[in-house]
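Trainee: any chance you can model this:
(chains A, B, C and D)
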Protein chains: 2
Amino acid sequence: MARDYGQFCGLAHALDVVGGRWSLLIVRDLLTGPKRFKDLEGGLPGIPTNVLSARLKELEESGVVRRQLLPRPAKGVGYELTDYGRELEEPLVKLGLWGAKSLGPAEEGEPISVDGLALALRGAFRPDAASGLTRTYELVLDRRPLTISVEDGRLSITAEASAADASLATTPALLVELVFGPLRVEDAIAAGQLGVTGSKTEARRFFQIFRLSPEPAGG
Amino acid sequence: MARDYGQFCGLAHALDVVGGRWSLLIVRDLLTGPKRFKDLEGGLPGIPTNVLSARLKELEESGVVRRQLLPRPAKGVGYELTDYGRELEEPLVKLGLWGAKSLGPAEEGEPISVDGLALALRGAFRPDAASGLTRTYELVLDRRPLTISVEDGRLSITAEASAADASLATTPALLVELVFGPLRVEDAIAAGQLGVTGSKTEARRFFQIFRLSPEPAGG
DNA sequence: CTGGATCCCTCACGATACTG
DNA sequence: CAGTATCGTGAGGGATCCAG
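Mentor: Here you go, the predicted structure:
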């Protein structure tokens, strides 16, 4: 998307920067922390490598993404958001919530993005239910760990393993049902679809903190 | 943008719906009320008519835009946002604020979108400065009127003339300076760049209500 | 094996002319 | 006024190839 809109407007300029195809999904995936080229490619089924490469270059030039050599023991190249890039979190959460309202059930074989779920969790986060609370949860989705830290109403989600107050293991599809659908924690545990390490009370609390609020009006 | 991202994610689906080129700018322009094909074309310099036509059709099919015959005396076709489309306001305001942070000064000859300014005003709105206040302002930018209603912390902006508590007439460029830049109301009035009908006190209050807040952290 | 670059093909988009 | 028709271009899709 080399061609820009050529009008003086914050939104138009935002779209000049991150309006290109795949750009915002790249940012979405980087919101959970630095990633390699290959990780990004894996999280964006269908993206051509040349497009991913071009997007990363554009985003780097516009100060959204920073390219860096990974420290030991990883070794290689990593991409991470700049502070400015991280400020896209709020717009993306809002836009994701908007899109989720007209998002039907997952189709057969349609991949469920783990980073998309991380974004959705940010949208489903209820600061009031978490106020005064400090907890770290580990959420393992298809072997991919997310560390979810809640600190008195503030939230951070990163794609890494960690020692946590409770660890929940399930599939993306099940998590969708638990957070956005009618499935109850007890039933999922009983059915062996949700593995809990740590107290079941903490597991229950997790799904109180992360639950889609009812709409203020319609939806 | 017929091809969709093919992954289960609210954000990805939002981009499937409104991620096509020009789509979000069309929505932006419709946030100030129904518009005709020609009005949209005028507010989006450079958009090909076939693309505008195609986008409107897509947006209509996905329930974002509604096409309707205009009532007398206008006669013709009009486009307006559905309730679902109007829910894009918050994401767009956030995204516009993000883009505005890296938006330099307007270039020579670069058109300043009036609907973009309306979006920016929503972003610059300070509910705390407007709490308990009920006012209607008319803002005339290059002969194009905006009606800005503040009702105890709630805001609505439409592209229409109205009887207001105060009427401000200036240019888009000057408004940018007044709301986002250092230009002071008195100086603009004194220089004859800002025409005020009604009390100057109300004019001053307007620019207290609409002013870009300092960043919470960095920026 | 990671981290891309290169190639070709297609189609979405841009520009313009034209019609109901 | 409100679009449709036509046509050229270049960004994006897909596969392969290359360097460290």
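Trainee: state the mean pLDDT of stretch A:167-174.
Mentor: In this model, stretch A:167-174 carries a mean pLDDT of 96.
Trainee: roughly how far is it from the heart of the chain?
Mentor: Here the centre of stretch A:167-174 is set off from its chain's centre by 14 Å, with Cα atoms, centre = their mean, to the nearest Å.
Trainee: hmm, who's touching it?
Mentor: Around stretch A:167-174, the neighbours that count as contacts under Cβ atoms under 8 Å, 6 or more residues apart in numbering or on different chains are A:106, A:112-114, A:117, A:137-142, A:178, A:183, A:188, A:193-198, A:203, A:206, B:8. All C-beta atoms are positioned from the backbone trio N, CA, C, and that covers glycine.
Trainee: which of those fall within strands?
Mentor: Secondary structure from DSSP state E places A:Y137, A:E138, A:L139, A:V140, A:L141, A:G195, A:V196, A:T197 of those in strands.
Trainee: need the pLDDT of the fourth one.
Mentor: At A:V140, the model reports a pLDDT of 97.
Trainee: what distance do you get for the nearest residue to it once chain neighbours are set aside to A:G6?
Mentor: Excluding the flanking residues, the one nearest A:V140 by Cβ to Cβ, 6 or more residues apart in numbering or on different chains is A:A169, at 4.2 Å. In this view, A:A169 and A:G6 are 50 Å apart by Cβ to Cβ, to the nearest Å.
Trainee: and the two? which has more neighbours close in?
Mentor: The residue with more neighbours, out of A:A169 and A:G6, is A:A169; 17 against 13, by other Cβ atoms under 10 Å in any protein chain shown.
Trainee: partners of the more buried one in the sheet?
Mentor: Beta-bridge partners of A:A169, counted by DSSP bridges, are A:V140, A:G195.
Trainee: from chain B, how far out is it?
Mentor: 20 Å (Cβ to the nearest Cβ, to the nearest Å).
Trainee: what residues does chain A have near DNA strand D?
Mentor: Counting by Cβ under 7 Å from any atom of the strand, chain A comes close to DNA strand D at A:1-3, A:20-22, A:46-51, A:54.
Trainee: so which of the residues you listed are in helices?
Mentor: A:T49, A:N50, A:V51, A:A54 (DSSP state H).
Trainee: may I see those residues arranged in a markdown table, with distance to A:D128 and pLDDT as well?
Mentor: As requested, those are arranged in a markdown table below (distance: Cβ to Cβ, whole Å; pLDDT from 0 to 100):
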| residue | distance to A:D128 | pLDDT |
| --- | --- | --- |
| A:T49 | 44 | 94 |
| A:N50 | 46 | 93 |
| A:V51 | 41 | 93 |
| A:A54 | 42 | 92 |
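Trainee: between those, which is closest to A:L92?
Mentor: A:V51 (19.5 Å; Cβ to Cβ).
Trainee: ok, the closest one - contacts?
Mentor: A:V51 neighbours (Cβ under 8 Å, 6+ apart): A:R21, A:W22.
Trainee: tally of neighbours for the closest residue to DNA strand D within chain A?
Mentor: At 3.3 Å from DNA strand D, A:P48 is the closest residue in chain A, using Cβ to the nearest atom of the strand. Residues lying near A:P48 (other Cβ under 10 Å) number 11.
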